[in-house]
Each structure stands twice: as structure tokens, then as C-alpha cells.
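Colleague: curious how this folds, go ahead:
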Amino acid sequence: MPAFRYKALNVEGKLVKGVLEGDSERAIRSQLRARQLRPVEVGEANGRSAVTGNVSILRWPIFRPRLSAAEVALITRQLATLVASALPLDACLQAAAEQTRKSSTKALLLQVRSKVAEGYSLANALEQFPSAFDEMYRAMVNAGEQAGQLAPVLEQLADYTENRQHTAQKLQMALIYPFVLVAVAVAVVAALMVFVVPELVGIFAHTKKALPPLTVGLIATSDFLRNYGVALLFGLLAVAVVFQRLLRDRKRLYLWHRILLAIPGIRGVVVGINTARFSSTLSILMASGVPLLDALRISSAVMSNLVLRGSAQSVALRVQEGSSLHRGLGQEHFFPPMMVHMVASGETSGDLETMLSRSAKNQERELEMTLGTVMGLFEPFMVVVMGGLVLTIVLAILLPIFDLNTMVR
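Modeller: Residues are numbered from 1 along each chain as shown. The predicted structure is shown next:
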């Protein structure tokens, strides 16, 4: 049965919202009246309005249902547990929908349940929501259904999603500190230049003696920030917006990604993140029974850097032409040598999935060490930079005072 969103008034006159399943809008209104609720608005959960009957607004990307990594992991874990208990699939989806408190997530699960109840497979039902369940997720579910091992595959998917979420959180936490440090440093220097420096150097305005070049430069910088600071801030924001819009073009984005790979410090981080994601995705797809060529195609799609994605697609093409996986990886200089050797060992021993998983863990560990080293060096670097800026401001203020003392003597 399809799912419907509703708005209704309760006996106290308060507006309540929710999602119900029914054969039609009339059935939903009857259910609401049976619950002593007065229907105000009823519409299909996929976005079709009961009033206008227009085509679903979900066709626009901004309105398509999306799930966070935490929500996907939680739903997958619940479904894995329920499916393992031998419950029917539509009952599992119904139970998972009832356990969520978020109305949009509940509506999405009920729509998936409706498709399953109509006879669709779970993978085909999930294809209706590509923005919530990516291609890798659907491919694994399809492989699990065909092999009759849906519960173990869902367990693997839940583990994979949770590990990926954990890795993303660690990266975010590692990047928060430097961004906060840079923001505070810029704010402190700007406050000194706009509010403090003009008051201190004002005492030299009436002197006829020429000021030191450092002091002149400090006064000029302070005046510029006071007069054009707001315009400069908006200009920087405008540049950021224009730059982001320029990167929507695939050719410019590809060029930008190539530039990032040419920067020594950033290259290692970008390569580490993408190759670890590639290895872990390929490992779990192959462990779920997805064919190697399909697994390579899907794994290349999860790489965010277009240059690295092109390298992964080249590997898939070589494998399709008859080459082994480790030879295909070895011909692309972006993939770490350790990963190539582990893949070769896995192909020889027939345990490629395990070796790919180990390779992904090793790369994630190396990435954590690299980020730790960079952050450890960044903190003293910022202290030195801040100290240099403050020292420059102090010297620019003290030099004229030293000259005045010399004149008095």
C-alpha cells in the first residue's frame, strides 16, 4: 500500500503531522477520523499533492529524500537484524519505519515497503531513491538477494557504512582545529589593525619627523582595513562563490583536481582518502558476490577526485581486456605499491577480498598518521606566524617612540 503524509487537528485543536499507509486518500481520512483527528491535508508521501495533483516535486534534486551516513547505517543494521530473524521483508521494512522518529525517513521506508509488497525486489525498490541509497548499496543488496544471503550482506553493509562514517568524522575533527586556529588568528590581527593600531599611532600624526617605513606600512594597512575591510570580506566571499560555480564544469573540476595532486602536502592526503575508499568498497562488493568488473566500476565511482577516478576506470578497462588486477593497478602510479603487492598476493592465494580489506585498513592508518603529523606541525607553525605578526606590529609602534627618545636626548 502507498504511504501518505497528513496534517490533522486533534481534539485540542493542535496541528499534528505524520505518515500512514492506505489504499487511497479517502482511506487515510477515514483512519484519521477513527483516531479522532480532523484531516486538514492529505497527500502521497512521494510528494503528489492532494490539492493540486501535480507531478512529484521529488524530480528536482533539492527535494529528493536524502539520508545521512548515520541514518543509513542505523536502518541497515535494523534491517539486517530483522531479516536474520526470518521475518518477511515487508514486515522488516514496516518495523524499521515504525522505529524511526524522522517523518521523512519513515515515509521513505514506507514507500520502499510498498514497492516490495507489490512484488519488487528490495534492490529494485531502492532504485527509486538513488540519492538516499547509492549504487554500491543497491548492487550489494541485489547480490545478497540473488545469493539468498541478504542478512549477512546487510550486516556487511552496516559495518561498511559505520566505518566510513567513523573515518569521515575523524577527518572532520582533524580539520576543525586548524580552521578554528586560522579564524582566530585572522580575527585577532584584524582587530589589532582596525581598533588598536590607529589609537596607538595617532600620537605620531602631529610630528613633523618622518616615520619609519615599517610604521608607514602599518598605518596604511590599518587605514585600508578600516575603510575597505567590509568590501574586502564580501569580495573574498564573492570569489569563493564564483570559484565554486566555475568548478561545476567538469573540465575545470578535473583541472583543479590535477592541481591538488601536484601539491606535495595535499597529494598524499587526497590519494590516501580515495585509494582507501576504493579498496574498502571493492573488498565488500566482491565479498558480497558482485562480479569483479561491476565492482571495479562501482568502486571507481566512489572516488571523489576525478583524476583518480579516471585511473580506476583505466584499471577496470585493463581487467576487462584480460589483465590481472594487480598489473592494472601497477600501471597507474597513483595506487600505493603496498596495495599493489597485497592485491597480487590476494590473487595468488585466492583471498583477494581479505587482502583488499587489509590494504584499506593500512591506508586509513597511514592517513591518520599523516594527518596527525601535519596537525602536529601546523600548531607551532601558526604560533610562529602569529608571533611574527604581533612582533611586526609592536616594532612598527615602538620604532617612532625610540626616535622620539633619541631627539629628546
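Colleague: ok, for V40, nearest residue in space, not its chain neighbours?
Modeller: K7 (4.5 Å; Cβ to Cβ, 6 or more residues apart in numbering). The way it works is simple: take the backbone N, C-alpha and C, and place the C-beta from them, glycine included.
Colleague: quick check: G18 is in a strand.
Modeller: Yes: if the criterion is DSSP: H, G, I helix; E, B strand; the rest coil, then G18 is within a strand.
Colleague: hang on, it packs against F4?
Modeller: No: the criterion here is Cβ atoms under 8 Å, and G18 misses it with F4 at 9.4 Å.
Colleague: who has more neighbours, those two?
Modeller: Set G18 next to F4 and count neighbours by other Cβ atoms under 10 Å: F4 wins out with 27 against 15.
Colleague: tell me who's in contact with the more buried one.
Modeller: V19, L20, E21, G22, E25, I28, V42, G43, E44, A45 (Cβ atoms under 8 Å, 6 or more residues apart in numbering).
Colleague: surely the residue nearest to V40 is within a helix?
Modeller: No: read with three-state DSSP, K7 is strand and lies in no helix.
Colleague: quick check, it in contact with G43.
Modeller: No: the pair K7 / G43 is not scored as a contact, 9.1 Å apart, by Cβ under 8 Å.
Colleague: more neighbours, these two?
Modeller: Using other Cβ under 10 Å, the more surrounded residue of K7 and G43 is G43, with 19 against 15.
Colleague: how far away is that one from V19?
Modeller: From G43 across to V19, the span is 11 Å (Cβ to Cβ, to the nearest Å).
Colleague: repeat for V340
Modeller: With distances taken as Cβ to Cβ, V340 is found 50 Å from V19.
Colleague: now L306
Modeller: 39 Å.
Colleague: looking at the two, which one has more neighbours?
Modeller: V19 (20 against 16).
Colleague: can you give me the end-to-end span of stretch 239-257?
Modeller: 19 Å (Cα to Cα, to the nearest Å).
Colleague: name the surrounding residues that touch that stretch.
Modeller: Here stretch 239-257 makes contact (Cβ under 8 Å, 6+ apart) with N305, L306, V307, L308.
Colleague: list the buried residues of that stretch.
Modeller: Across stretch 239-257, burial judged by 16 or more other Cβ atoms under 10 Å covers Y254, W256, H257.
Colleague: how about the secondary structure of the last one?
Modeller: It refers to H257. Of the three states, H257 takes helix under three-state DSSP.
Colleague: state the pLDDT value of it.
Modeller: pLDDT for H257: 92.
Colleague: low-confidence stretches in the protein?
Modeller: Where the chain drops to pLDDT under 70, the residues are 1-3, 21, 23, 45-65, 201-209, 403-409.
Colleague: residue ranges for the helices of the stretch 301-409 of the chain, please.
Modeller: Along the stretch 301-409 of the chain, counting by DSSP state H, counting those that start in this stretch, helices occupy 306-320, 325-330, 337-349, 352-408.
Colleague: same deal with the stretch 101-250 of the chain?
Modeller: Under DSSP H, counting those that start in this stretch, the stretch 101-250 of the chain gives helices at 103-117, 122-126, 135-147, 150-191, 197-201, 213-246, 250-262.
Colleague: in terms of secondary structure, what does the third one contact?
Modeller: Spelled out, it's helix 135-147. On a contact count with 3 or more Cβ pairs under 8 Å, 6 or more residues apart in numbering; DSSP states H and E, helix 135-147 meets helix 122-126, helix 150-191, helix 264-287, helix 292-301.
Colleague: kindly report the same for the longest one.
Modeller: Applying 3+ Cβ pairs under 8 Å, 6+ apart, we find helix 150-191 packed against helix 69-84, helix 135-147, helix 264-287, helix 352-408.
Colleague: so V319 touches L292, yeah?
Modeller: Yes: counting by Cβ under 8 Å, L292 is a contact partner of V319 at 6.6 Å.
Colleague: any shared contact partners between those two?
Modeller: Counting by Cβ under 8 Å, 6+ apart, the shared contacts of V319 and L292 are L325.
Colleague: need the residues touching each of G43 and V19.
Modeller: Contacts common to G43 and V19, judged by Cβ under 8 Å, 6+ apart, are F4, R5, Y6.
Colleague: thanks a lot, see you next time.
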